[in-house]
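Visitor: below is the structure, and that's it, no one-letter string:
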């Protein structure tokens, strides 16, 4: 999963007064009319949340996030670059529709992404305008719900990360919990029950306008093959609001596990519970399956859920080695295979290009991968990966050397992946 971490410096810059020396052509400030609304985020749920959502400072932060994230157009074809002039012309009318409860989100554009293990993951790409409004909602709702989230929840939360979840899982194993209950939720984002989710949101949010808008986003149709299909359940991945809504719903699972005294780590819909014995794990899996399917109306994938030894499973791309006294983190096989598949695609795209262009294309992928797995014992993996990349680059050079007039005489064949540094 890809995490979006807020750039605090950029947010502070957006809150600077428009006359404070900023170049107006480089800022979205003029896209929003100046109002007397407060820019402070609410600390409770009983305030006028819609006014806080539409406050100028909050909208500017949301605009900056959408602009930096870029992303593909939605069903209307509007690009991120076109959003600012569109807001300059239409923001007063859009804002009034939101205040009156008459705003209707556009359908999301369906995109299917192949999963490494087979099947597809469905993404719903909202329009750029709806991404802006969802981001503004997220920024106001996040501090309302953050205090109620579990300490065992690590996904899509400020100051929390997958690395922290993996480290905590290792701590549980070091304490003697050498069995893991790996709960797999089948198509979680596609199967969320709207009524159950909205009842959880309404526990903290009393603003009827905000509740109505969230439900409107949940029920926005899906465009596929030129036909808009109604959506009765699910909160498709692709919008800024979906990760927060998933945490709100799965907080019920967290509280149930805490009530039972279990040691667990949850990252979005990926949840592992650590126990002392296989028998205890089987009891936990059976009871949790009933809880999830009865209380939250979610589907547990019985084929993929299991009670097993942690070193036979993977969690967030990591597995463990327990052969030595201290438990060591290792890179699981699937992430390495996925990286190689992505690099092979880059190699194919690099055919016919100068070799340094191919290296430039590989570098961001490698840096991101190496950074994510920096907590693992990866020396052997990096050495293997380094040799694998060198072999593929030599193949490219060999093909190019067969065409001596295709390139200039630059010495472009020397390359170090630097994965061991």
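Guide: Everything's here; your move. Everything numeric in this text was worked out from a predicted model, so none of it was measured. Residues are numbered from 1 along each chain as shown.

Visitor: all helices for the stretch 51-200 of the chain, in order.
Guide: In the stretch 51-200 of the chain, the segments counted as helices under DSSP state H, counting those that start in this stretch are 56-69, 83-100, 128-145, 162-174, 194-201.

Visitor: which other helices and strands contact the second one?
Guide: Judged by 3 or more C-beta pairs under 8 Å, 6 or more residues apart in numbering; DSSP states H and E, the packing partners of helix 83-100 are helix 49-54, helix 56-69, helix 128-145, helix 208-219. Every residue, glycine included, has its C-beta placed from N, CA and C.

Visitor: out of these, which gets nearest to residue 325?
Guide: helix 128-145 (41.0 Å; C-beta to C-beta).

Visitor: in the protein, which helix is the longest?
Guide: Using DSSP state H, we find that the single longest helix of the chain is helix 379-401.

Visitor: could you list every helix and strand in contact with that helix?
Guide: Using 3+ C-beta pairs under 8 Å, 6+ apart: helix 379-401 touches helix 333-350, helix 355-372.

Visitor: that older thread, out of the helices of the stretch 51-200 of the chain, deepest packed?
Guide: helix 128-145 (a mean of 22; mean count of other C-beta atoms under 10 Å).

Visitor: packing partners for it?
Guide: helix 49-54, helix 56-69, helix 83-100, helix 208-219, helix 242-259.

Visitor: give the rounded mean pLDDT of the second one.
Guide: Yep, that's helix 56-69 we're talking about. Mean per-residue pLDDT for helix 56-69: 97.

Visitor: quick revisit: the longest helix of the chain versus helix 333-350: what angle between them?
Guide: 20 degrees (axes from the mean of the first three to the mean of the last three C-alpha atoms, to 10 degrees).

Visitor: now do the buried residues in helix 379-401.
Guide: 381-382, 385-386, 389, 392-393, 396, 400 (16 or more other C-beta atoms under 10 Å).

Visitor: ok, stretch 319-334 next?
Guide: 319-320, 327, 329-332.

Visitor: how about residues contacting it?
Guide: 116-117, 166, 170, 173-174, 178, 310-311, 313-314, 317-318, 373, 375-378, 381 (C-beta atoms under 8 Å, 6 or more residues apart in numbering).

Visitor: what sits against residue 209?
Guide: Counted by C-beta under 8 Å, 6+ apart, residue 209 has contacts 49-50, 98-99, 101.

Visitor: and residue 373, by the same measure?
Guide: Listed by C-beta under 8 Å, 6+ apart, the contact partners of residue 373 are 317-318, 331, 335, 381.

Visitor: turn the buried residues of helix 379-401 into a markdown table, columns for pLDDT and distance to residue 297.
Guide: Formatted as a markdown table, the buried residues of helix 379-401 follow (pLDDT from 0 to 100; distance: C-beta to C-beta, whole Å):
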| residue | pLDDT | distance to residue 297 |
| --- | --- | --- |
| 381 | 87 | 41 |
| 382 | 85 | 44 |
| 385 | 88 | 43 |
| 386 | 87 | 48 |
| 389 | 87 | 46 |
| 392 | 82 | 47 |
| 393 | 83 | 51 |
| 396 | 76 | 52 |
| 400 | 69 | 57 |
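
Visitor: so who does residue 339 touch?
Guide: By C-beta under 8 Å, 6+ apart, the neighbours of residue 339 are 365, 369, 385.

Visitor: and if we set it to 6 Å?
Guide: residue 369 (C-beta atoms under 6 Å, 6 or more residues apart in numbering).

Visitor: could you do the one 3 residues further on as well?
Guide: Listed by C-beta under 6 Å, 6+ apart, the contact partners of residue 342 are residue 365.

Visitor: ok, now with 10 Å
Guide: Going by C-beta atoms under 10 Å, 6 or more residues apart in numbering, residue 342 touches 362, 365-366, 369.

Visitor: just the pLDDT for residue 310.
Guide: Reported pLDDT for residue 310: 95.

Visitor: now residue 44
Guide: Reading off the model, residue 44 has pLDDT 50.

Visitor: kindly report the same for residue 266.
Guide: Confidence score, pLDDT, at residue 266: 98.

Visitor: returning to what we had before: the helices and strands packed on helix 83-100: which one's closest to residue 256?
Guide: It is, among the helices and strands packed on helix 83-100 and with distance given as C-beta to C-beta, helix 128-145, at 17.7 Å.

Visitor: in the stretch 1-150 of the chain, where is pLDDT below threshold?
Guide: 1-46, 116-119 (pLDDT under 70).
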